[in-house]
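Asker: give me a 3D structure for the following:
(chains A and B)
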Protein chains: 2
Amino acid sequence: MQPDAQLRELFNPESIAVVGASRSPLKLGHLILSNLISAGYRGTIFPVNPAGGEILGLTAYPSTADLPRPPDLGIIVLPREKVLQAMRELADAKVDAICVITAGFRETGRDGFELEMEMADLARRRDITLLGPNTLGLFNTAINLNASIAQTMPAKGSISFFSQSGALCSAILDWAEGESIGFSKFVSLGNKAGVSEADVLEALGDDPDTKVIIGYLESVNDGRKFLTRARAVTEKKPVIMIKAGTTPAGARATSSHTGSLAGSVEAGLAAFKQAGIIRVENLETLFDLARAFAEQPLPQGPNLAVVTNSGGPGILAADACEAAGLNLARPSTATLDRLTKALPPFAAIYNPIDIIGDAKAERYRATLEAVAEDETTHAILVLLTPTASAEITETAQAIIDISKTCDKPIFASFMGDERIGPGRDMLLAAGIPCYAYPEPAITAISAMLAHYRWKNRPYPVEVCFRRDKGRAERTIQAALAAGVAELPFNDAMDIAASYELPVPETRLVRTSDQAVRAAKKMGYPVALKIESPHLASRGEVDGVALELNTPREVREAWLDITTRAQRKRPDIYIAGCLVQTMGPVKAREVVVRFTQDPQFGPLISFCLAGPSAEILGDISYRLAPLALHDVQDIVREIKSFPLLRGVRGEEPVNLAAIEDILLSMSQMATDFPEIREAELNPILVDAQGAFVADLRVTVGPI
Amino acid sequence: MQPDAQLRELFNPESIAVVGASRSPLKLGHLILSNLISAGYRGTIFPVNPAGGEILGLTAYPSTADLPRPPDLGIIVLPREKVLQAMRELADAKVDAICVITAGFRETGRDGFELEMEMADLARRRDITLLGPNTLGLFNTAINLNASIAQTMPAKGSISFFSQSGALCSAILDWAEGESIGFSKFVSLGNKAGVSEADVLEALGDDPDTKVIIGYLESVNDGRKFLTRARAVTEKKPVIMIKAGTTPAGARATSSHTGSLAGSVEAGLAAFKQAGIIRVENLETLFDLARAFAEQPLPQGPNLAVVTNSGGPGILAADACEAAGLNLARPSTATLDRLTKALPPFAAIYNPIDIIGDAKAERYRATLEAVAEDETTHAILVLLTPTASAEITETAQAIIDISKTCDKPIFASFMGDERIGPGRDMLLAAGIPCYAYPEPAITAISAMLAHYRWKNRPYPVEVCFRRDKGRAERTIQAALAAGVAELPFNDAMDIAASYELPVPETRLVRTSDQAVRAAKKMGYPVALKIESPHLASRGEVDGVALELNTPREVREAWLDITTRAQRKRPDIYIAGCLVQTMGPVKAREVVVRFTQDPQFGPLISFCLAGPSAEILGDISYRLAPLALHDVQDIVREIKSFPLLRGVRGEEPVNLAAIEDILLSMSQMATDFPEIREAELNPILVDAQGAFVADLRVTVGPI
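Answerer: Residues are numbered from 1 along each chain as shown, chains lettered A, B, ... in the order given. Here you go, the predicted structure:
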């Protein structure tokens, strides 16, 4: 069957067959059986072992065919060669789902890959949900299900986790145990021959026991499906993920590890962003955020109050706030009055609120009470260093008391180790995240604010543009039929015009007389550009003249351009020159481009024209189709945006004109996957409007 | 006396008077005495208390005057009002050094500031080394000296620490105890009325018991002294520091905390860089690096070998390597052969070397032996996740064994918590840094490589430029005498010419006839620029015409510019126009600028011309005087550097010409602190040379 949206057959089986159950404690077939039993699973377990008899107190069946009734889930722990046959037998026994622990498939080369394809095919044909192969298995703490070869079963909790790396799961479980973090569900994705990250994400999104989803991914099976599902899930709960392999070295390591071809890094990151996924760089942040999201409410704004008994950590917190885009807002006048009364004269009542090194718990309590009631404050961070006067556990108790009646998120950083330990443990037990340093708390608050804003963003406005799709279709099909990849300039212009892009009026002319006549008809000034199918770039022959204002200038430019081209490249055919209307003169130049990503579909990019955007990496990306807020974001996201908004008293450029172009390009990219790449470069834009001065369009069969 | 370079009077006193020693266990005057005694200090301790008698088993003296002999060090723990008098009495008793624990001085406002100034003055006049006030005190574990009010005395070790935040010290000591990190010396700087960070840095640099220096600073007392001392120290040992207050919010918090006016953030960061200090962003990294530098040798190159039993962490490590500028180099052919033989067929023998989840300790050992002998490898990182097969303590032992004969630095990341705990503890005890995640290890290796390169950098070549200092001096003095701040263009050009900067030939002309004659003399093409003392910028009246090639063009431009200026700004006096030779036409434009930082002296900056450098923050900074390698670095450090080197087959610009200008400007800034600011903007530079097209110079009394 198609995987049930909740993956019930995996997470809530009523009976499980373990094919490859073993008596030898050294074997995984023993480990998984003993894990199932010792976790306290209440469904029926059928060990399957050719020798029959009894294993770990359970009756073993010589083969799947001998089972008294069809199990919901079959787990296979056999040598690679026997897996496919075991799957067939489980299919005949009418299981709903199969989990293949065995490794040695896609990740080991061609033979393994082909075997895995056969397994996937079998599962599809027989309507079986397939997890793995090469998976560690899964947990569901709600029903005491430990269907895994991991050594530890986590405590019950509200965090669910999925991972493409099995070994990483064991590290995470060990960490969770040490930190007393509880989990709801836990899935090792393995090679994802059947169940994909998108399936798991959807199931966890629907799971009432899951409050926070965390994940580790190396590759994505189906980018578009992932994006759509993830976006639906992040409306409901936070999804925090690591995407490994985001650098060239990491991507090489990924492809050697998973044997999969990745889409572009940019497309993957755009997908995360557009799906509202909170992307983190490392496991430490993943854990820090998981705890914060699981235990504290979301801040409803950027104003953080920092309360500290030590100036230094307060400054470090202020630095981190600024870097994370949070505000250290000035407390309200009422709060300042209360603090002035409650605190000694040398305390700093502005934010960070430094209650000084001799502060005892009651001073913390009075300050926190004032801050908790301050309506300008959206989140609270309490810093404590173990000074001689510090009352560590009493301060922890004060924080816990205040958090019970406070609707703002509260975080703590008790700095140190052994001395602050008892206070930290009290806070963690009471659901108040307590970090060893201020920075992780601020990272968490900033991520929670981003999630709050994501959930409260305006409803996306989808924009459908008027266009002459039939005309564009004809041009593209003609090019494909002729085997052309990069369209001739005129055809490219034609497609652009079908999408009502603001392209210049253009005519191909063969003589300088024709050029002058065309210019007169269009109106001066005009541009003249060499046209040849053999030139990769007009710059190569200096083949462009701009700002021609008179017939004489047009004739001179014609002579210049054509003779220079003949001299520099005697080998090319010169079709003539293009006469074009000119865009605005004192304009900024921007570039809009799209490519078709193999994983995620059309990827739109935006940047300023010129080599520096690329060198500085100042390019923003989004996956099409773009909604209105996407185009607004993509334009404002580049670091150079102030140059468009105008610096030093300049007029801002017409941003709406750029946004219209982005929406049209998004439509074009979505309408025609045959357009492999299109680039408007440069687009001239000033306060009045935008003007596509040049473009390139490349097509290819889908 | 002037502080001894080793601060012997503070760190190695033979006798100590505690003024304000108290019988009451609630008082700091009791705490510090009991700390001194319980740490096992073997010198003489003189408690001073008006009541006399005995405190904690020691004879107390009613006053300093009653002491049997002069103590080396006096510690004052008295109410603020009594501190100055106590200092006078200690001075009369001929102490070498005084440490004032009492707080409530500069940090509390004007009264406190003035009191502190008196104390500093007294210490200076009486030749006493003054630590504090508002200090937590200090430690020297070598002689069991705990002259502090901190709760814990650290174990002996090779790390020394100084901090401007007292409370932070207590956090750090608590952390150190939990992590079993040992210290040599420990100083809380307090308000730095006497002993400054530069003094302490020098003393720790000379201290044979100190291998690594770590520090936390909010402000610097004397920037130039700090820079010079720190540079000498980093030649000998690593200095790792946090500079707090590097964002606007952090800087506001700093000035409220320390009551000190900081130099610019850019100057501070440039000083750290030029002194070879390893700057870190947070305490966690400070500790991670301290351990790494204390325990492992420096890597002698960028090639890191990663050995892992799990693909996922290997990819995360690869991503982190790329980001940190380390290489995952391919092992040598000999190593690959050994690995092929030692590892199972599905292992990844390239780097990261993935020895797969079922790896036991012996597989780690065989792999590490091969890698340790590989000459292409400069550092080793061993990753372990607690898989079912993992032999955690045995693997730790294998790493320890190999580290004993291996001259490369070895790091570990055992991922997880409880299960990997015993292995981690073994590694830490054996001096192998073991982190919870791969990223901190890679950060440490990268910092150690930077320090290795710093110590092995070429000897700095100081360049002294030919210049006509007298001529520049006369121009500057005349301007100062006239009360002018921004020099008239001609005077600015004159100073530039005195430093042999490549400035255009320029003449001020009053009529278009004069302009044409001047142009003829200079040679075409020329530029014409409006000149008026009342214009902030020529752009305001569109007052510049470039590329004038004929007398007729010069006349037309003259008419254009002057009439436009009169029309747009009828209120200004127009002195005429400047006729200038033109720089190269197809040139890149860069900017060289300097200002005088109140803390660190002349600060040189370099960037591309145009608003985007500022918006994107793509500006590099160095403090003058610049050595040859400094100017090479400052030019190459901007992210846009590839645009100067040439992209898409362009010719590189003449970098040496830019470097010459930087050296001249460095000389000018050093010669004349009266020049508050000078900016060459733009400098036109092409493959042939550089040309200063415009400049501004502002002077002011020193």
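
Asker: need the contact partners of stretch A:79-96.
Answerer: Applying CB atoms under 8 Å, 6 or more residues apart in numbering or on different chains, the set of residues contacting stretch A:79-96 from outside is A:1, A:9, A:13, A:17, A:19-20, A:63-65, A:67, A:70-74, A:76, A:78, A:98, A:100, A:102-105, A:112, A:115, A:118-119, A:122-123, A:126, A:128-129, A:133. Bear in mind the C-beta positions are built from the backbone N, C-alpha and C, glycine included.

Asker: centroid-nearest residue for chain A?
Answerer: Centrality entry for chain A: nearest residue to the mean C-alpha point is A:F272, 1.7 Å, by CA atoms, centre = their mean.

Asker: how about the contacts made by it?
Answerer: By CB under 8 Å, 6+ apart, the residues touching A:F272 are A:241, A:243, A:279.

Asker: again with A:S532
Answerer: Residues touching A:S532, when contacts are defined by CB under 8 Å, 6+ apart, comprise A:565, A:572-575.

Asker: if we go to 6 Å?
Answerer: Contacts for A:S532 were tallied using CB atoms under 6 Å, 6 or more residues apart in numbering or on different chains; they are A:572, A:574-575.

Asker: quick one: neighbours of A:F411, just the number.
Answerer: Using other CB atoms under 10 Å in any protein chain shown, A:F411 is surrounded by 29 other residues.

Asker: correction: A:L662
Answerer: Other residues within reach of A:L662 by the criterion other CB under 10 Å amount to 24.

Asker: per-residue pLDDT, it?
Answerer: The model reports A:L662 with a pLDDT of 96.

Asker: just after the helix or strand hosting A:L138, pick out the following helix or strand.
Answerer: Assigned by DSSP states H and E, A:L138 belongs to strand A:137-140. Scanning the chain past strand A:137-140 towards its C-terminal end, the next helix or strand to appear is strand A:145-148 (assignment: DSSP H and E).

Asker: tell me which residues are up against that next one.
Answerer: With contacts defined as CB under 6 Å, 6+ apart, strand A:145-148 is touched by A:35, A:39, A:41, A:136-139, A:153.

Asker: one more: stretch A:448-465?
Answerer: Stretch A:448-465 has contacts (CB under 6 Å, 6+ apart) with A:238, A:276, A:298-299, A:302, A:627-628, A:663-664, A:667.

Asker: among those residues, the buried ones, what's the ChimeraX command?
Answerer: Only the buried members of the contacts of stretch A:448-465 end up in this ChimeraX selection, burial being decided by 16 or more other CB atoms under 10 Å in any protein chain shown:
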select /A:238,276,298,299,302,627,663,664,667
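
Asker: mind putting the contacts of stretch A:448-465 in CSV, secondary structure and distance to B:G57 included?
Answerer: Formatted as CSV, those follow (DSSP: H, G, I helix; E, B strand; the rest coil; distance: CB to CB, whole Å):
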residue, secondary structure, distance to B:G57
A:P238, coil, 60
A:G276, coil, 67
A:L298, coil, 58
A:P299, coil, 55
A:P302, coil, 57
A:A627, strand, 78
A:L628, helix, 80
A:L663, helix, 84
A:S664, helix, 88
A:Q667, helix, 88
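
Asker: let me know the closest of the contacts of stretch A:448-465 to chain B.
Answerer: For chain B, the closest of the contacts of stretch A:448-465 turns out to be A:P302, at 12.1 Å, with distances computed as CB to the nearest CB.

Asker: helix or strand with the lowest mean pLDDT in chain A?
Answerer: Scoring the helices and strands of chain A by mean pLDDT, DSSP states H and E places helix A:248-258 at the bottom, with a mean of 69.

Asker: elements contacting the helix or strand containing A:S160?
Answerer: Here A:S160 is covered by strand A:155-163, with elements defined by DSSP H and E. Strand A:155-163 is packed against strand A:182-188, strand A:212-217, helix A:283-295, with contacts defined by 3 or more CB pairs under 6 Å, 6 or more residues apart in numbering or on different chains; DSSP states H and E.

Asker: got the contact list for the last one?
Answerer: Put plainly, it is helix A:283-295. When contacts are defined by CB under 6 Å, 6+ apart, helix A:283-295 is touched by residues A:158-159, A:211-212, A:214, A:238, A:240, A:242, A:280, A:431, A:433, A:440, A:444, A:447, B:437.

Asker: also the shortest one?
Answerer: When contacts are defined by CB under 6 Å, 6+ apart, strand A:212-217 is touched by residues A:159-165, A:168, A:197, A:204, A:238-243, A:286, A:290, A:293-294.

Asker: mean confidence score for stretch A:490-510?
Answerer: According to the model, stretch A:490-510 has a mean pLDDT of 91.

Asker: next one: stretch A:273-292
Answerer: Averaging pLDDT along stretch A:273-292 yields 93.

Asker: and the end-to-end length of it?
Answerer: Chord length of stretch A:273-292, first to last residue, is 20 Å (CA to CA, to the nearest Å).
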